[in-house]
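Undergrad: I'll drop the sequence and a predicted model, then ask my questions.
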Amino acid sequence: MTPKAPPKLLGPLKALYARMLRIRAIEEAIAARYAEQEMRCPIHLSIGQEGPAVGVYAGLKSDDYALSTHRSHAHYLGKGGDLKAMLAEFYGRADGCSVGKGGSMHLIDPSVGFLGATPIVGATIAIATGVAFGVRMKGEDRVVAAFFGEGSTEEGVFHEAMNFASLKKLPIVFVCENNLYSVYSPLSVRQPKRPLAALAAAHGMKALKGDGNDVMATKALAEKAAMHARSGAGPVFLELETYRWREHCGPNYDNDIGYRTEAEFLKWKRRDPLTRCEKALRAAKALAAGEKEAMLAQFAAEIDAAFAWAKSRPYPDACELLTDVYAEAPAPAKAPRTGVAA
C-alpha cells in the first residue's frame, strides 16, 4: 500500500525520498561499473534496503553514532559519509576512507559519527555496545545505532552485547534489518519459529518492530527508540522488515539459483521504499513534473565526478603495507633503579 502522508509530513517525506534516491543512484552506478574489474573488492549492495538506513537516521540526532556490517553503503551514505572517499576505497586508493586497504566492507567516517563497518558477522555489535558504554561514562547526550542483519542474532556476541547493554541501561538502539536471508539460507532453516523480538524480551529489553520499507514509519519508530535509549531507560531492539534485490555479494540478480522465487522478489519489489514515497508525493502533488529527473541528473553529475576523482587518486605506497594494520606495542617501562651504582 502507498503511505498516505498528511500535508505537514510531505516536506520531510520529500527530503527522505531524495536521500534514498541518491543512495540508490550511487549503488546502481557501482553495480554498472563493477564489471570493469577495477574495484577489486567484494561489494554488498543495499538496493531495496534504503528505507531502514534513511528512516533510522531521520529519527536520530546528527551527532549520534552509528556502526554497521558488510552491507553498509546505505548506512555510510545515509549518515553523511563522504562519497569520494568511499569510492576511492573501492578502488584501493590512498585517499579512500580506510586508506585503500579495506574496501567496501571497511567504511568509516568519524567526522559524521559513522564509526565503522566490518565484514565479520556481528562484530560491530560489541564495538557499538562499547561506544554506548563510553557515551554513558562521559555523560554525553548521544545514542548509538548498531545496524546488523537478522543473521547476526545467531552469533554469541549479539547476546553478550544485548545482556551487557540491558544490564547497564546503555543508550543504544540495536537495529536489525530483517531481509529474510543469511546469504542463501532463509530464517526457517536457521532459527526456531519464534519472533525475533522475543530475543529482546529475554534480555529484559524493549522491542519495536515495523516495515523498514515505509520510511516515515521507520522514522517514527527510530524516534521512539532513540528517546527511550537517550532517557536512560535502557537499550531498544528495533526490527525492520526489508528485502535486498541483488545477490548477496555482487552486482547481479540471483533469483535463478533457486534459494528464493521470482514471485517473492516481485512481491517485495512492489514494496520498494522509493516507489512508495514517490506515489505518495505525486498523489499529493508534492513532486512536480520533472523534479525526479532533475534530482537524478544532479546525482549523476555528482557520482560521475566522484568516480573520476577516485580513479585519479594514487595507490598506497608499498612501504605502507603494514601501517595502521596492527597497533604498536607500547615501549616497556623502565624498571626502577635499586642499589648503589658501582
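TA: All right, it came through fine.
Undergrad: wait, isn't residue 238 in contact with residue 223?
TA: No - distance between residue 238 and residue 223: 10.9 Å, which falls outside the contact criterion (C-beta atoms under 8 Å). Where C-beta positions appear, they are placed from N, C-alpha and C, glycine not excepted.
Undergrad: higher neighbour count, the two?
TA: Each of residue 238 and residue 223 has its neighbours counted (other C-beta atoms under 10 Å); residue 238 has more, 31 against 15.
Undergrad: just checking, the more buried one is part of a strand?
TA: Yes - according to DSSP: H, G, I helix; E, B strand; the rest coil, the state of residue 238 is that of a strand.
Undergrad: what sits against it?
TA: Residues touching residue 238, when contacts are defined by C-beta atoms under 8 Å, 6 or more residues apart in numbering, comprise 56, 173, 174, 175, 176, 207, 208, 209, 210, 221, 222, 225.
Undergrad: now it: how far from residue 249?
TA: Relative to residue 249, residue 238 is positioned 25 Å away (criterion: C-beta to C-beta, to the nearest Å).
Undergrad: Go through the contacts of residue 238 and flag which are in strands.
TA: Filtering those for membership in strands, criterion DSSP state E, returns 173, 174, 175, 176, 207, 208, 209, 210.
Undergrad: quick one: the helices in this structure?
TA: Taking DSSP state H to define them, one finds helices in the chain at 7-34, 50-58, 73-78, 83-90, 123-138, 156-168, 197-202, 215-230, 262-269, 273-283, 291-312.
Undergrad: Make sure residue 218 is actually in contact with residue 240.
TA: Yes - between residue 218 and residue 240 there is a contact under C-beta under 8 Å: 6.0 Å.
Undergrad: For those two, list the residues in contact with both.
TA: Shared between the contact lists of residue 218 and residue 240 (criterion: C-beta under 8 Å, 6+ apart) are residues 51, 52, 55, 56, 210, 211, 212.
Undergrad: Among those, which one has the most neighbours?
TA: Highest neighbour count within the shared contacts of residue 218 and residue 240, by other C-beta under 10 Å: residue 51, with 33 neighbours.
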